[in-house]
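Asker: Can you look at this prediction? I've put the sequence above it.
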Amino acid sequence: MSVTPEAALSPSTTGRRFRAYTTKHIDELTARAGLAADERLAVQAVATVLPFRVNAYVLDELIDWDAAPDDPIYRLVFPQADMLPQGDVARIADLIKAGAARKELNEAANAVRARLNPHPAGQMDLNVPKVGEEPIPGLQHKYRETVLFFPKQGQTCHAYCTYCFRWAQFVGDADLKFASSEIDQLVEYVRSHPEVTSVLFTGGDPMIMGEGVISKYIEPLLEIEHLEAIRIGTKALAYWPQRFVTDPDADDTLRLFEKVVASGKNLAFMAHFSHPKEMEPEIVQDAVRRIRATGAVIRTQAPLIRTINDDSATWESMWRTHLRHGMVPYYMFVERDTGPQDYFAVPLAEAYDIFRGAYTNVSGLARTVRGPSMSATPGKVCVDGVTEIAGEKVFALHFIQARDPDLVGRPFFAKYDEKAAWLFDLKPALGATHFPWETPPVGAGGGVDPTRL
């Protein structure tokens with residue numbers, strides 16, 4: 001059914017039932033933002049390749065339509081015409097204008113998607129554990145202590161972020177989707193791996209699931225003695241706080257959280273906040289209080305994104321607000337090497353300056369945050385700073401977490417490059433021939449051992 005922009009933007013949605021808007025509404029919604037017909041067509045072309053989904057709460061409560069299309073929350077959820085190569089956008093726009101069949105549009109979109117590195121950091125092969133020769137669907141085990149699980153019913157979100165590194169989960173291609181409903185396989189795998197102390201439910205967004213579903217995944221894990229923590233990665237606090245306040249199963253969900261805590265496990269609620277505006281509605285603050293009252297710990301994280309939160313003042317405001325409401329600032333991530341990375345990425349040198357500018361202006365209680373951090377193939381790499389050693393300007397970095405546990409905490413150095421935006425843009429410094437996770441070239445010399453500096 002066609003929805004007018006005015007209807008989509010009706011006031012006071014904080015207590016209403018959830019309602020989503022998708023690509024069939026995008027022309028009307030972008031018209032509300034003041035885009036001309038050709039601009040709306042280009043946005044529609046991008047939304048043919050990358051997923052688009054938003055809900056009434058985000059439209060009504062978070063976006064300042066007088067500031068659109070430059071409003072940061074608008075840019076957070078609405079595709080931008082220049083997110084993809086101009087030639088690709090023009091080609092798909094021509095197909096839409098000509099009334100091309102869905103099959104032809106999908107073929108054109110899939111050709112573009114294949115060039116966007118839909119599954120970064122080896123998540124479809126290097127991270128998937130096996131029983132014998134058979135991979136376990138919906139499970140990833142990259143770091144020794146932590147297993148990631150993708151519940152089948154949780155592989156969508158209340159709204160999609162334009163920069164999402166898991167965009168491939170949402171485009172309707174079964175070959176790109178990663179999910180499972182095999183609860184017994186998850187439990188058996190964790191039970192048989194005593195090194196696993198934490199299970200992270202991720203997606204998509206696990207909190208899209210009702211309490212009756214999510215409890216079936218979580219409750220069996222509470223009986224595993226060596227498991228210390230249950231983590232839930234979610235954007236629901238920002239995009240649908242009603243999930244914890246006014247939804248029909250809000251109270252039951254909180255009782256489930258209490259049950260996890262009562263079992264002796266840590267419940268880590270990994271909340272994704274991208275901008276201070278997401279914390280402004282009173283219902284968000286109510287949701288935070290209710291979750292914290294269960295004994296859960298809310299940790300906050302987000303990537304650094306050009307045009308949305310790429311300045312120190314924004315991050316300082318976020319971290320201070322989160323601390324004030326009892327949440328723990330946890331990570332500033334670097335935009336991953338997937339999807340429209342070139343559009344959103346901030347160079348590492350600039351990212352460090354933004355991080356440091358915010359970090360130096362918050363109290364020690366907020367300096368729990370780590371970053372800028374890259375979740376790359378070998379592990380989570382933190383940019384510690386820019387310095388000069390033996391006359392060479394370098395990035396100082398270390399592993400927060402690693403595929404090879406021996407790398408955790410190890411410092412290493414890379415040549416300074418003001419344009420580098422990702423780990424693999426960097427080159428070894430100080431005469432080193434390779435990085436710590438790489439195989440030395442045949443006949444290579446030693447260079448400087450970074451652990452001795």
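Answerer: That came in fine, so what should we check first? As the structure is a prediction and not an experimental result, all values here were calculated from the model.
Asker: Look at stretch 188-198 and report the distance between its end residues.
Answerer: 14 Å (C-alpha to C-alpha, to the nearest Å).
Asker: go on, stretch 372-384?
Answerer: End-to-end distance for stretch 372-384: 8 Å, by C-alpha to C-alpha.
Asker: Would you mark the buried spots in that stretch?
Answerer: 372-383 (16 or more other C-beta atoms under 10 Å). All C-beta atoms are positioned from the backbone trio N, CA, C, and that covers glycine.
Asker: how about a markdown table for these, with secondary structure added?
Answerer: Formatted as a markdown table, those follow (DSSP: H, G, I helix; E, B strand; the rest coil):
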| residue | secondary structure |
| --- | --- |
| 372 | strand |
| 373 | strand |
| 374 | strand |
| 375 | strand |
| 376 | coil |
| 377 | coil |
| 378 | coil |
| 379 | strand |
| 380 | strand |
| 381 | strand |
| 382 | strand |
| 383 | strand |
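Asker: shaky segments in the stretch 1-150 of the chain?
Answerer: Along the stretch 1-150 of the chain, the parts satisfying pLDDT under 70 run over 1-16, 118-125.
Asker: For residue 66, the count of nearby residues, please.
Answerer: 7 (other C-beta atoms under 10 Å).
Asker: repeat for residue 187
Answerer: Neighbours of residue 187 (other C-beta under 10 Å): 17.
Asker: May I ask you to confirm that residue 315 belongs to a helix?
Answerer: Yes: Residue 315: assigned to a helix according to three-state DSSP.
Asker: Against residue 89, how distant is the closest residue in space to residue 33 that isn't next to it in sequence?
Answerer: Once flanking residues are discounted, residue 33 sits nearest to residue 68: 3.8 Å by C-beta to C-beta, 6 or more residues apart in numbering. Distance check for residue 68 against residue 89: by C-beta to C-beta, to the nearest Å, it reads 20 Å.
Asker: Look at those two and report which has more neighbours.
Answerer: residue 89 (23 against 18).
Asker: Three-state assignment for that one, please.
Answerer: Assignment for residue 89 (three-state DSSP): helix.
Asker: dump the residue contacts of it.
Answerer: Neighbour list for residue 89: 42, 45-46, 81-82 [criterion: C-beta atoms under 8 Å, 6 or more residues apart in numbering].
Asker: Could you point out which of those residues is nearest to residue 163?
Answerer: residue 46 (12.8 Å; C-beta to C-beta).
Asker: can I see the domain layout of this structure?
Answerer: Here the domain assignment for the chain is 20-114, 119-295, based on the TED database.
Asker: can those go into JSON lines with extra columns for distance to residue 400?
Answerer: As requested, these are arranged in JSON lines below (distance: least, C-beta to C-beta, whole Å):
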{"stretch": "domain 20-114", "distance to residue 400": "26"}
{"stretch": "domain 119-295", "distance to residue 400": "10"}
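Asker: okay but the residue nearest to residue 33 is in contact with residue 32, surely?
Answerer: Yes: the pair residue 68 / residue 32 is scored as a contact, 7.5 Å apart, by C-beta atoms under 8 Å.
Asker: Let me see the ranges of the strands in the stretch 151-300 of the chain.
Answerer: 198-201, 229-234, 266-272, 297-304 (DSSP state E, counting those that start in this stretch).
Asker: quick one: which of the ones you listed is nearest residue 158?
Answerer: strand 229-234 (9.2 Å).
Asker: What's the mean pLDDT across that closest one?
Answerer: For strand 229-234, mean pLDDT is 98.
Asker: which neighbours does that strand have in its sheet, and in what orientation?
Answerer: Neighbouring strands of strand 229-234 in its sheet, by DSSP bridges, are strand 198-201 (parallel), strand 266-272 (parallel).
Asker: between the longest one and strand 297-304, how many degrees?
Answerer: Just to be clear, that refers to strand 266-272. In terms of direction (axes from the mean of the first three to the mean of the last three C-alpha atoms, to 10 degrees), strand 266-272 departs from strand 297-304 by 30 degrees.
Asker: for the nearest residue to residue 390 once chain neighbours are set aside, helix, strand, or coil?
Answerer: Excluding its sequence neighbours, the residue lying closest to residue 390 (C-beta to C-beta, 6+ apart) is residue 430, at 6.7 Å. Secondary structure, three-state DSSP: residue 430 is coil.
Asker: Hmm, residue 430 is touching residue 391, no?
Answerer: No: contact criterion C-beta under 8 Å: residue 430 and residue 391 do not qualify, at 10.1 Å.
Asker: Compare these two (neighbour count), which wins?
Answerer: residue 430 (17 against 5).
Asker: Apart from its chain neighbours, what residue comes closest to residue 365?
Answerer: residue 323 (5.7 Å).
Asker: any idea of the mean pLDDT in the host helix or strand of the one you found?
Answerer: Using DSSP states H and E, residue 323 maps to helix 312-324. If you average the pLDDT over helix 312-324, you get 98.
Asker: got the angle for the helix or strand following that helix vs strand 266-272?
Answerer: Per DSSP H and E, helix 312-324 leads on to strand 328-334 as the next helix or strand towards the C-terminus. Per the same axes, to 10 degrees, the angle that strand 328-334 makes with strand 266-272 is 50 degrees.
Asker: what lines up beside strand 328-334 in the sheet?
Answerer: Strand 328-334 is paired, per DSSP bridges, with strand 297-304 (parallel), strand 370-375 (parallel).
Asker: what sits up against the helix or strand following that strand?
Answerer: Sequence order places helix 341-344 as the next helix or strand after strand 328-334, per DSSP H and E. Surrounding helix 341-344, the residues in contact under the criterion C-beta under 8 Å, 6+ apart are 80, 82-83, 162-163, 303, 305-308, 335, 421-422.
Asker: Provide a list of residues in contact with residue 394.
Answerer: Residue 394 sits in contact with 386-388, 413-416, 429-430, where contact means C-beta under 8 Å, 6+ apart.
Asker: same thing but at 10 Å, please
Answerer: 385-388, 412-416, 426, 428-430, 450 (C-beta atoms under 10 Å, 6 or more residues apart in numbering).
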